[in-house]
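Participant: here is a sequence together with a model predicted from it:
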Amino acid sequence: MSLRDEAQRYFEALQDRICAGLERADGRARFAEDRWSHEASHGGAAGGGGRTRVLADGAVFEKAGVNISAVTGTLSDKLAQRMKVAPCGFFATGISLVLHPRSPHVPTVHMNLRYLELDGGRAWFGGGADLTPYYLERDDAVHFHRTWKSVCDRHDPAWYPRFKQWCDEYFFVRHRGEARGIGGFFFDYLEEDLEQVFAFVKHAGDAFLESYVPIVERRGGQPWTEQQRDWQLVRRGRYVEFNLVYDRGTLFGLETGGRVESILMSLPPVVRWAYGHEPVPGSDEARLVEVLRKPVDWV
């Protein structure tokens, strides 16, 4: 079996396991599934498709999306230039998930794992996971980062510090001067020893529920106020800004004529922008922003 087929099958099975785990964590809602086919918008051959699953209006999750895809197409000149490769055909497969909890005390979380193969033989893996809390809880941050450090250390002790820094730099909302969240790990263009990298990717995918569900269980029952909910909606606006302006996955999907509903499943269902909004100095909200402006070594 080719590596592309192995990767595609792994992501399909991982989607099943993660969705089942999230349904258990929510306790009420179930994922609805939408299968789709890929059609390029830039001309040329295109094929494949994906399976988008969305859980809405749950007891824990206001919106949760878990998407897998395996598509072929042709890189546009603009996208090829951004990726620093020649325009050519490609194959891409991966899983992408974003979970927006109802409670301001439960962080939003994102994970993406992907494999990309270009005509001519070049191929690589990329991905990562990051946590976006609305109220900072050190225990949650430490648990999340320790999980990913453990995954990285199984393969190379140098990977976690490297990928943690890469994550802090990548998920930075430059026009706001602050990070989207408190990081995690991020990597891209890992193309040497693809079998070893694929083993790492599988360990990362298998660890997702372990990295996040205990946080949901700790925080999901805490009461919240309307003021805390309002803060959550304002911070969700920062999340939207990053995804629409900087996110590579979003840009890749739109540039290759991907399915818009699946690409934008990462956006929260309710969000708010408030002009000149600043947290009260010394408040829990201000403490979060302070960390977002200066990354912390959580482990």
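Facilitator: Yes, it's here. Numbering: from 1, shown residues only.
Participant: surely residue 229 is in contact with residue 104?
Facilitator: Yes: at 5.7 Å, residue 229 counts as touching residue 104 under the criterion of C-beta atoms under 8 Å. All C-beta spots, glycine's among them, are computed from the backbone N, C-alpha and C.
Participant: of those two, who's got more company?
Facilitator: Set residue 229 next to residue 104 and count neighbours by other C-beta atoms under 10 Å: residue 104 wins out with 21 against 16.
Participant: and residue 273, which of the three is it?
Facilitator: Judged by DSSP: H, G, I helix; E, B strand; the rest coil, the three-state class of residue 273 is coil.
Participant: distance of it from residue 234?
Facilitator: Per C-beta to C-beta, to the nearest Å, residue 273 is found 7 Å from residue 234.
Participant: between the two, who's got more neighbours?
Facilitator: Taking neighbours as other C-beta under 10 Å, residue 273 and residue 234 compare with residue 234 leading, 17 against 12.
Participant: what segments of the protein are strands?
Facilitator: Assigned by DSSP state E, the strands in the chain fall at 32-37, 47-56, 61-74, 89-101, 108-118, 123-132, 172-173, 178-179, 184-190.
Participant: of the ones you listed, which is nearest residue 293?
Facilitator: Of all the strands of the chain, strand 178-179 sits nearest to residue 293, with 5.0 Å by C-beta to C-beta.
Participant: ranges for the helices of the stretch 151-299 of the chain?
Facilitator: Taking DSSP state H, counting those that start in this stretch as the criterion, the stretch 151-299 of the chain carries its helices at 159-170, 194-219, 226-245, 248-255, 260-263, 284-293.
Participant: how far off centre is the first one?
Facilitator: For helix 159-170, the separation from the chain centroid amounts to 15 Å (computed by C-alpha atoms, centre = their mean, to the nearest Å).
Participant: contact partners of it?
Facilitator: Helix 159-170 is contacted by residues 128, 130, 145, 148-149, 152-153, 179, 183-188, 200, 295, 299 when judged by C-beta atoms under 8 Å, 6 or more residues apart in numbering.
Participant: same question, the last one
Facilitator: Under the criterion C-beta under 8 Å, 6+ apart, residues 133-136, 177-182, 231, 279-280 lie in contact with helix 284-293.
Participant: redo that, cut-off 6 Å
Facilitator: Applying C-beta atoms under 6 Å, 6 or more residues apart in numbering, the contact partners of helix 284-293 are 135-136, 178-179, 231, 279.
Participant: what about the nearest residue to residue 14 once chain neighbours are set aside, how many residues nearby?
Facilitator: Spatial nearest neighbour of residue 14, chain neighbours left out: residue 205 (4.6 Å); criterion: C-beta to C-beta, 6 or more residues apart in numbering. The local packing of residue 205 (other C-beta under 10 Å) involves 22 other residues.
Participant: residue 205 touches residue 15, doesn't it?
Facilitator: No: using C-beta atoms under 6 Å, residue 205 makes no contact with residue 15, being 9.5 Å away.
Participant: identify the residue nearest residue 113 in space, chain neighbours excluded?
Facilitator: That would be residue 127: by C-beta to C-beta, 6+ apart, it lies 3.8 Å from residue 113.
Participant: would you check that the one you found makes contact with residue 110?
Facilitator: No: in this structure, residue 127 is not within contact of residue 110 by C-beta under 6 Å, at 10.3 Å.
Participant: which non-adjacent residue is nearest residue 19?
Facilitator: residue 31 is the one closest to residue 19 (C-beta to C-beta, 6+ apart), at 4.9 Å.
Participant: contact partners for residue 191?
Facilitator: Residue 191 neighbours (C-beta under 6 Å, 6+ apart): residue 124.
Participant: contacts only, for residue 240.
Facilitator: 267, 271.
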